[in-house]
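Engineer: Provided below for reference: sequence and predicted model.
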Amino acid sequence: MKRRWTDRLRAAALSLLLAAGLVYGPAATPALAWPESDQQIGARAHPGIVEQNGGVLDDATRTDYVERIGRKLVAASARPDETWTFTVLDTPVVNAFAIPGGYIYVTRGLLALAGDEAQLAGVLGHEIGHLTAGHVQDRGERNLHAGIGLLAGAVIGGLLGGSDGIGEGLDWASKIGSGYVAHFSQKQEFEADEIGVRLLARAGYDPMAQADFLDRMAAKAGLDAELRGKSYNPNSVDFFSSHPATGDRVRKAVRAARPGASDGADRGAARYIDTMDGLIYGDAPEQGYVRGQRFSHPTMRFTFAVPDGFAILNSDRTVDADGPGMQRLTLSGDALRSEDMATYLGRHWLPAFQREVKSGAPGKISRGEVNGLPMARVTLPIERRGKPATALLVAIRHDGRIFRFVGIAPRDDAAVVRQLSDAVGSFRALSAEEAARLKPYRIRSYTVRRGDTVATLADKLPALPRKQAQFRTLNGLAEGEEPRRGDRVKLIVEAHE
């Protein structure tokens with residue numbers, strides 16, 4: 001039986017405690033100040049990062065809470081008098097990162113996943129560590145903007161169906177940040193761990209908390225991959241690509257580990273879960289909702305369904321549905337133009353698509369309607385990952401926008417093309433009444449009672465796949481582990497308020 005992430009990372013955190021002198025004596029956090037110009041770099045980059053990651057969470061309860069924890073950690077750091085800015089990004093993607101000038105970001109998705117205040121503090125402490133150790137400053141303004149530019153190119157490729165974008169479901173909502181910090185060295189990551197652990201202990205938190213959070217993150221990433229029918233590779237997960245916890249790094253810390261450490265340290269589990277009560281879980285109304293095989297957007301007023309066996313992944317600019325093999329359906333948008341849909345497709349979108357993708361001669365563009373909405377479509381042979389495929393391009397005009405579907409099917413598989421066409425044919429406008437009935441999922445704090453089990457509590461969740469696995473992941477419960485009476489746990493409910 002393999003050791004759990006928690007066991008290995010607890011040992012890692014403990015070894016860092018010993019190295020930092022938190023068990024046997026004090027140690028100084030590296031006091032590397034960032035240049036004054038870093039504040040200007042961060043100030044210039046901050047608006048774009050916010051805009052391209054769902055905006056700032058409009059929720060004073062949660063944002064003020066993160067700010068308080070961040071300030072508590074900063075007070076214990078080597079740079080307590082610097083300017084620090086803590087921002088919660090309104091995206092369900094689980095991520096955290098930092099940029100020059102003391103800018104630290106965590107996502108709404110990370111708040112939902114963390115199990116207690118100490119775990120959140122562990123994430124913030126790690127990012128503070130990168131800044132106080134000078135890791136972020138080493139990248140410089142040029143690298144920051146280069147990273148953003150490369151990301152924009154990848155996003156465009158995804159929207160147009162480029163070779164990198166068609167098949168990969170680029171989760172761009174987190175990339176503007178992780179693309180910048182994804183290349184820290186193992187030495188830098190370990191150093192940020194050391195600083196973060198010191199800050200946790202000095203602020204009165206259990207320094208093992210970051211290990212527990214990484215355990216949750218690994219469980220969630222594995223479950224998400226399973227739900228999408230993919231194999232789990234931690235290096236492809238946004239959080240782990242920017243916060244690598246490789247075997248070598250963990251083993252290096254484990255070799256120095258000793259027993260002892262954090263008895264009586266604060267975890268703040270009940271306080272944390274109560275504070276997260278009411279937090280939106282998953283997509284917000286402005287991002288649209290995945291409900292089973294259907295995607296619905298209450299503010300843009302549309303809905304469509306995908307075939308059974310397809311898994312929907314929603315991001316800020318695309319909705320991707322992965323099916324068996326190479327089957328795929330992607331929805332993106334474009335600004336409305338004056339031309340009809342056939343002219344738009346033939347003059348603008350199709351040529352751009354062909355510039356990005358190795359393709360053959362397209363078929364004839366056809367015009368029509370989808371549930372009363374103007375539409376144009378075309379198919380063409382392409383190559384995807386070196387294999388022959390057929391691409392279906394459909395442009396639909398709705399509510400002052402152009403909606404663009406790209407369907408990918410094996411070459412000459414007419415049945416799959418028809419299946420994708422049927423999915424596109426389900427696209428329709430939502431009435432005001434239908435849109436008003438769509439509500440987000442929210443977290444609810446719940447105190448475990450006598451007779452409650454994972455099975456009974458998971459039954460309280462809305463129509464989610466793998467309910468028990470989702471409940472375990474959300475609450476950090478291992479397979480076979482049951483909640484204890486009196487524990488505070490998180491439930492997911494469909495809000496009607």
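Structural biologist: Looks like it came in fine.

Engineer: which stretches of the stretch 1-150 of the chain form helices?
Structural biologist: Using DSSP state H, counting those that start in this stretch, the helices assigned to the stretch 1-150 of the chain run over residues 5-20, 36-51, 60-75, 108-113, 117-132, 135-160.

Engineer: just the stretch 301-450 of the chain next, same as before
Structural biologist: Remark: helices assigned in the stretch 301-450 of the chain by DSSP H, counting those that start in this stretch are 341-344, 350-356, 414-425, 432-437.

Engineer: now mean pLDDT and distance to residue 204 too, for the ones you listed, in a markdown table please.
Structural biologist: Bear in mind the C-beta positions are built from the backbone N, C-alpha and C, glycine included. A markdown table is the format used below for the helices of the stretch 301-450 of the chain (pLDDT from 0 to 100; distance: least, Cβ to Cβ, whole Å):
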| stretch | mean pLDDT | distance to residue 204 |
| --- | --- | --- |
| helix 341-344 | 96 | 60 |
| helix 350-356 | 94 | 53 |
| helix 414-425 | 95 | 53 |
| helix 432-437 | 95 | 46 |
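
Engineer: let me have those in a markdown table, extended by distance to residue 51 and mean neighbour count.
Structural biologist: Output for those, formatted as a markdown table (distance: least, Cβ to Cβ, whole Å; neighbours: other Cβ atoms under 10 Å):
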| stretch | distance to residue 51 | mean neighbour count |
| --- | --- | --- |
| helix 341-344 | 26 | 19 |
| helix 350-356 | 24 | 16 |
| helix 414-425 | 30 | 17 |
| helix 432-437 | 24 | 12 |
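
Engineer: so which of those helices comes closest to residue 222?
Structural biologist: Judged by Cβ to Cβ, the one of these that comes nearest to residue 222 is helix 414-425, at 27.8 Å.

Engineer: packing partners of the closest one?
Structural biologist: Helix 414-425 is packed against strand 302-305, strand 328-335, strand 373-384, strand 387-398, strand 401-410, with contacts defined by 3 or more Cβ pairs under 8 Å, 6 or more residues apart in numbering; DSSP states H and E.

Engineer: between these, which one is nearest to residue 439?
Structural biologist: Of all those, the one in closest proximity to residue 439, counting by Cβ to Cβ, is strand 302-305 (14.5 Å).

Engineer: can you give me the offset of that closest one from its chain's centre?
Structural biologist: 23 Å (Cα atoms, centre = their mean, to the nearest Å).

Engineer: what pairs with it, parallel or antiparallel?
Structural biologist: For strand 302-305, the pairing partners within the sheet under DSSP bridges are strand 294-297 (antiparallel), strand 428-429 (antiparallel).

Engineer: pick the most buried one from the ones you listed.
Structural biologist: Comparing those on average neighbours per residue, with mean count of other Cβ atoms under 10 Å, the densest one is strand 294-297 at a mean of 19.

Engineer: now tell me what touches it from outside.
Structural biologist: The contact list for strand 294-297, computed with Cβ atoms under 8 Å, 6 or more residues apart in numbering, reads 287-289, 302-306, 312, 314, 319, 331, 430, 438.

Engineer: need the worst-confidence member of those residues.
Structural biologist: The lowest pLDDT within the contacts of strand 294-297 belongs to residue 314, with 88.
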